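**Q** Just a sequence and a predicted model for now, questions to come.
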Amino acid sequence: MPTPPRARAALLLLVLLALLSGCGGKAQEDVGVVAKVNGRPIHLEMLEFQYDLLHFDAFSGSLPTVGALREAYGKILGGLIALELVSQELEKRGQDVSDTELAEAEAKVRADYPDDAFEKMLAEEFIDLPMWRKHLRYACGAEKFQRLVLRPQIHLDYREIEAYYREHVVDFRLPERLRLVVVYGPGRDAVEKALAHYSQQKNVKAVAEAFPGIQAREVTVPKALLNTAWAEALQSIQPGKTAVVAAGRGEFEGLLLLERLPAQTLDIAQAYPQVEAALVEERLQQAFDAWLGKAVDASVILVSQRLLHKEDDEDLPPEAPPAELGGQPGGQPGGQPGGQEGVASGNETG
């Protein structure tokens with residue numbers, strides 16, 4: 001039977017766990033710690049969790065080398081260090097993420113999943129709920145930091161808006177488009193009746209309520225992106241008229257043409273929201289990079305030396321661990337973490 005992706009990942013994680021562990025005389029509280037940011041630990045467990053989120057579907061039949069795994073872990077750890085610095089900055093300002101804010105954020109995520117689908121998703125994806133909540137707290141902190149700390153620093157001048165618009169005017173050219181109501185469901189007769197119902201009610205929600213099993217939505221589609229069946233059906237009809245095309249397996253799509261929109265270039269007033277969003281995003285990144293550089297310089301950041309230094313033979317194909325360890329995702333070896341090295345600080349003591 002093929003080895004599941006998570007189990008194959010576990011084999012490589014065990015190899016790296018061995019590299020991250022040693023027999024030094026570290027304190028018990030340092031076991032499993034891969035970095036410290038101003039004395040606060042980042043644990044291997046969180047590193048593994050983030051790696052799983054990013055790479056769960058990325059495993060093929062062959063396993064990555066230990067070197068590739070080290071590189072991936074290093075990139076993820078860099079992000080975690082930045083998030084920990086953000087968290088500490090919010091705490092200094094008295095704006096850290098509260099338990100109430102965390103609960104509200106979790107509720108919003110759960111609202112997208114009906115009934116017990118959220119718990120099923122966690123189980124199917126092997127996601128640990130406490131670790132997911134730690135990840136969510138970091139995400140909430142990043143959003144809060146951007147909103148309360150970085151965004152107030154950004155002020156746009158109208159001349160910047162005009163300059164950006166002129167330089168990127170091609171981005172504000174809209175192609176010829178068609179605005180449609182699309183009705184989808186089993187049986188041509190049911191779809192035609194649903195289209196007629198929309199023509200009377202002018203409400204896609206009313207269609208779904210009146211015809212169980214029928215889906216209805218309004219869309220705007222560039223003419224060049226219409227599939228062949230839609231393009232042929234809509235070619236000669238006028239706004240307000242309908243067409244029905246077969247979608248396969250007994251399903252049909254009903255199309256009601258609302259209007260044909262000509263190609264146009266948005267003027268600066270119409271494009272302003274997009275221009276502002278693009279400039280703000282650019283300025284936010286610049287502001288964050290500047291803040292992060294100063295925060296790193298003012299911090300004591302220690303990282304496990306095993307993540308910093310490459311072993312001579314680590315890019316050789318990894319050997320599978322003993323059979324009794326192979327099925328233990330995230331298992332911890334008996335040793336204690338190896339040494340840590342300072343990678344950024346003006347006043348390291350470690």
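**A** Cool, got the structure.
**Q** Let me know whether my guess that residue 104 is in a strand holds.
**A** No - per DSSP: H, G, I helix; E, B strand; the rest coil, residue 104 lies outside any strand segment and is helix.
**Q** How many neighbouring residues does it have?
**A** Residues lying near residue 104 (other C-beta atoms under 10 Å) number 11. Backbone N, C-alpha and C define where each C-beta goes, glycine included.
**Q** just the one 5 residues further on next, same as before
**A** Using other C-beta under 10 Å, residue 109 has 11 other residues around it.
**Q** ok, now how distant is it from residue 117?
**A** Residue 109 sits 11 Å away from residue 117, going by C-beta to C-beta, to the nearest Å.
**Q** cool, and residue 266?
**A** Plainly put, residue 266 is 40 Å away from residue 117 if you go by C-beta to C-beta.
**Q** ok, now residue 174?
**A** For residue 174, the distance to residue 117 equals 37 Å [C-beta to C-beta].
**Q** same question, residue 128
**A** Residue 128 is 18 Å from residue 117, by C-beta to C-beta.
**Q** and these two? which has more neighbours close in?
**A** Here residue 128 and residue 117 are compared on neighbour count by other C-beta under 10 Å; more neighbours surround residue 128, at 15 against 11.
**Q** pLDDT at that one, what is it?
**A** Here, the pLDDT recorded for residue 128 equals 92.
**Q** what does residue 20 give?
**A** Predicted confidence (pLDDT) at residue 20: the value is 44.
**Q** got it, and residue 304?
**A** Confidence for residue 304, expressed as pLDDT, is 84.
**Q** Backbone dihedrals for it, please?
**A** Dihedral pair for residue 304: phi -50, psi 130, per degrees, to the nearest 10.
**Q** What is the burial count for residue 165?
**A** Residues near residue 165, counting by other C-beta under 10 Å, number 20.
**Q** Tell me how far it lies from residue 280.
**A** 15 Å.
**Q** What of residue 293?
**A** Here residue 293 is placed at a distance of 20 Å from residue 280 (C-beta to C-beta).
**Q** Could you do residue 168 as well?
**A** Relative to residue 280, residue 168 is positioned 15 Å away (C-beta to C-beta).
**Q** for residue 83, same thing?
**A** With the distance defined as C-beta to C-beta, residue 83 ends up 21 Å from residue 280.
**Q** again with residue 157
**A** For residue 157, the distance to residue 280 equals 13 Å [C-beta to C-beta].
**Q** Have a look at the two and say which one is more surrounded.
**A** With neighbours defined as other C-beta under 10 Å, residue 157 and residue 280 compare such that residue 280 has more, 14 against 9.
**Q** Name the nearest residue to that one, sequence neighbours excluded.
**A** Counting by C-beta to C-beta, 6 or more residues apart in numbering, the nearest residue to residue 280 once its immediate chain neighbours are dropped is residue 154, at 6.0 Å.
**Q** Please enumerate the strands of the chain.
**A** If you assign secondary structure with DSSP state E, the strands in the chain sit at 21-22, 33-37, 40-43, 173-174, 177-186, 215-222, 242-248, 251-261, 264-265, 301-304, 336-337, 340-344.
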